[in-house]
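S.K.: A predicted structure for the sequence below; I have some questions about it.
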Amino acid sequence: MKRFRNLLKYALGCIQRYRVRTLVILITLIVSASVFSSIAFIKDGLTVQGDLSLKYSPDITVQGISAGRQVPVDTRYIGYVQEADGVSAVVPRIWGYANIGNTLLVVVGIDLQSTTVNQRGIFNVSQAYPLESGTFLDSQSNNTVVIGKAVADLLGAKVGSILTILSESNQAERYVVQGIFNSESGIYNADMIVMNINEARTFFDMPQDKITDIMVYVTSVDPGNHKSLVNYVAREISDLPNSRTVTKDVLVQAQVTTYGDRSGFFSVVWYMILISVAIIAFNQTVVVGHESKFEVGLLKALGFSTSDIIQMRLIESAILGTIAASAGLAIGIIYDAILGAPVIKDFMMGWATLYPGFPVPVFINPQTLLFAFAITIVPLLFATVIPSWVNATVDPDIAMRGARA
Amino acid sequence: MIEAVDLTKIYNKGKKNQVEAVTDVSLTAANSEITVLVGPSGCGKTTLMSMIGQLLTPTKGKVLVDKEDITAYSDGWKAVFRRKNVGFVFQHINLLPNLNALDNVLIPILCHDADPFEYRQPALKLLGQLGLSDRAFFEVEQLSGGQQQRVAVARALITEPKIIVADEPLTFVDEASAKTITDFFEKLRGEGKTILISTHASNLAKLADKTYEIKDGKIAKSY
């Protein structure tokens, strides 16, 4: 025990003694860990938001296609889709974009008659669109809307406030705010204004026989077969002319590609961090290697064993790596959660930055924390322990002579 | 007692730059005696000393300490042997920078299951005996070459080893320090230590109970 305490003391002494080396390692690893963690926390936040929005997505969306571009779909398709085997609910939707001032918002009209189906427990709208205040629309709603949190914050609107929005035909339409979505799924509905489908039809000047798309819900008796059933239904209705079916799986894939580990910005940063850590490792091995070689040779001459030397280097690297990872993570959290991630916010948030005041979604994932520790400690262990081990396995005289050469 | 039997060291064996530094050297160093190796620079003294002190693995031959073949030990056991039995004084001094004199003396204690704090007084006493009482807390960089070598002597003795291996201990040392170190070796002999010294210095060579003259990696003469 005393011996281990001595080795620990010596390792701590090395950290203090080789101040420049310690400082270089700490600065580089802290920068790497903070950059990695601040980006990873936002990426994880966006992934969580995306997952939540997917949670509320229909199993299948049927869109109209003309010349390869999305166009409104014929209302006759609603009946065809409803008749398909396995379909439990069909909700027609009209949606598009509208400006309030310079801010682009999404106006969504849903068929509130569908709520009768929902109340039977097949598609529960109150679960799909949880509210922070007020109530959701019903089939009797007229000139009333439910708005997203970001819209409410942007306009300073509360339940009972009146919104005036310019419609497709340049008419100033007035709506009373009946409810405000909660912020659980911030990105999904933060910019939404939801209204009755008939009012959306008027707002967007949509012909009576057209809708934007159809949301299709599938309920399987066996949840394990849900995916197969969705694919079966999608195949069944994919025969409809001039249409395409988008399943939730496709959206999940798009989500993973955009926000997953392979997403462009994250990958670039990740490679940069790997390169910088590799440079440190190289620096440790080559530049510090000489100094280390002499010290290892001398310590062995004075009676230290190879395992003593490896233990000391492990302790030294673990301490430095832990300090660097902890400091880097703390900086990452402060930068994202408190400072709002200036500079990288625009890169990471993409379209979501259109909405002023929209908070950066930050999610502190335990896996990301562990990974941040791993990317700082593990390379440092390799960079310090391996050269020491190599030096410690040669004769002390050779190690010292080699270092002097 | 140390016995070196047919020690040979070939560097870079089998390569173009192969060098045979020591060839078939056999010698003995008895307890309570100072054994001195003399010879010109590059004759193989340091290589021989390193092999005897288990800092270098011989290409051939063995080293017996009290009749036990220590060259057959594993790397780990050789470390234990050095830790318990050998104190080294190097030609190049080899103190650790950024540490003070006292901390350098205490380094060998760190690999023992012992509290270095308990060795502070013995270390200070050793430094005092070597004339460095007022320099114990000086950083290595603040000490002269002679003072550094005296610190290295104290470091070699802090674990009270029975064998002292000193390779050219007076090379970078001023006259006053040389006298202090020489007197100290004489005192250690009186304490029963086995002392092996390689040197050019005549004042140190004069202490020898037994002298080996090394030439081209071989013993040319012994007396």
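M.R.: Looks like it arrived, so ask away.
S.K.: mind listing the strands for chain B?
M.R.: Ranges of strands in chain B, per DSSP state E, are B:2-11, B:19-29, B:33-38, B:60-65, B:68-69, B:86-89, B:163-167, B:194-198, B:210-215, B:218-222.
S.K.: and for chain A?
M.R.: For chain A, strands defined by DSSP E occupy the ranges A:60-66, A:69-71, A:73-74, A:87-100, A:103-110, A:131-134, A:144-147, A:162-166, A:172-181, A:192-196, A:210-211, A:213-218, A:243-247.
S.K.: okay, now the sheet partners of the second one, with direction.
M.R.: In other words, strand A:69-71. When sheet partners are counted by DSSP bridges, strand A:69-71 sits next to strand A:60-66 (antiparallel).
S.K.: restricting to C-alpha, output the strand it pairs with in PDB.
M.R.: Below are the C-alpha coordinates for strand A:60-66, written out as PDB (Å, rounded to 0.1, in the frame of the first residue of the first chain):
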ATOM      1  CA  ILE A  60     -47.400   6.000 -43.500                       C
ATOM      2  CA  THR A  61     -47.800   9.300 -45.300                       C
ATOM      3  CA  VAL A  62     -49.400   9.300 -48.800                       C
ATOM      4  CA  GLN A  63     -48.200  12.100 -51.000                       C
ATOM      5  CA  GLY A  64     -49.300  13.200 -54.500                       C
ATOM      6  CA  ILE A  65     -46.600  13.200 -57.200                       C
ATOM      7  CA  SER A  66     -46.500  15.000 -60.500                       C
END
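S.K.: which residues does that strand contact?
M.R.: Outside of strand A:60-66, the residues within contact range by C-beta atoms under 8 Å, 6 or more residues apart in numbering or on different chains are A:70-74, A:77, A:81, A:210, A:213-216, A:218, A:230, A:233-234, A:237, A:240, A:242-248. For every residue, glycine as well, the C-beta is placed using N, CA and C.
S.K.: now it against strand A:243-247, angle please.
M.R.: Angle between the axes of strand A:60-66 and strand A:243-247 is 150 degrees (criterion: axes from the mean of the first three to the mean of the last three C-alpha atoms, to 10 degrees).
S.K.: buried residues in strand A:60-66?
M.R.: Buried residues in strand A:60-66, defined by neighbour count with 16 or more other C-beta atoms under 10 Å in any protein chain shown: A:60-64.
S.K.: right, and chain A sits closest to which residue of chain B?
M.R.: Distances between chain B and chain A by C-beta to the nearest C-beta are smallest at B:R83, namely 2.8 Å.
S.K.: is A:Y175 bridged to anything, and to what?
M.R.: A:L163.
S.K.: my guess is it contacts A:T144. True?
M.R.: Yes. Using C-beta atoms under 8 Å, A:Y175 is in contact with A:T144, at 6.3 Å.
S.K.: re earlier: show the model's pLDDT score for the residue of chain B closest to chain A.
M.R.: Note on B:R83: pLDDT of 92.
S.K.: what's the closest non-adjacent residue to it?
M.R.: Excluding the flanking residues, the one nearest B:R83 by C-beta to C-beta, 6 or more residues apart in numbering or on different chains is A:G303, at 2.8 Å.
S.K.: burial count for A:L131?
M.R.: For A:L131, the number of neighbouring residues by other C-beta atoms under 10 Å in any protein chain shown comes to 16.
S.K.: which residues touch it?
M.R.: A:L131 neighbours (C-beta under 8 Å, 6+ apart): A:146, A:179-182.
S.K.: and what of B:D167?
M.R.: B:D167 neighbours (C-beta under 8 Å, 6+ apart): B:45-46, B:49-50, B:88-91, B:197-198.
S.K.: hmm, 6 Å instead?
M.R.: By C-beta atoms under 6 Å, 6 or more residues apart in numbering or on different chains, the residues touching B:D167 are B:46, B:49, B:90-91, B:198.
S.K.: who in chain B is up against chain A?
M.R.: Residues of chain B found near chain A (C-beta under 6 Å from any C-beta of the partner chain) are B:50, B:55-57, B:76, B:79, B:82-83, B:88, B:94, B:98, B:107-108, B:110-111, B:113-115.
S.K.: filter the residues you listed to the buried ones?
M.R.: B:50, B:55-56, B:79, B:82-83, B:88, B:94, B:107-108, B:110-111.
S.K.: where does the prediction get shaky in the chain?
M.R.: This is for chain A. Within chain A, the segments meeting pLDDT under 70 span A:53, A:114-129, A:183-189, A:255-256, A:258-267, A:281-291, A:347-359, A:403-405.
S.K.: try again with chain B
M.R.: Within chain B, the set of residues satisfying pLDDT under 70 is empty.
S.K.: interface residues of the stretch 1-150 of chain A facing chain B?
M.R.: Applying C-beta under 6 Å from any C-beta, one finds that the stretch 1-150 of chain A approaches chain B through A:2-3, A:6, A:10, A:17.
S.K.: of those, which is the nearest to B:M1?
M.R.: Among those, A:R3 lies closest to B:M1 (C-beta to C-beta), at 29.9 Å.
S.K.: can you list the domain ranges for chain A.
M.R.: A:2-51+A:260-404, A:87-219 (automatic domain parsing).
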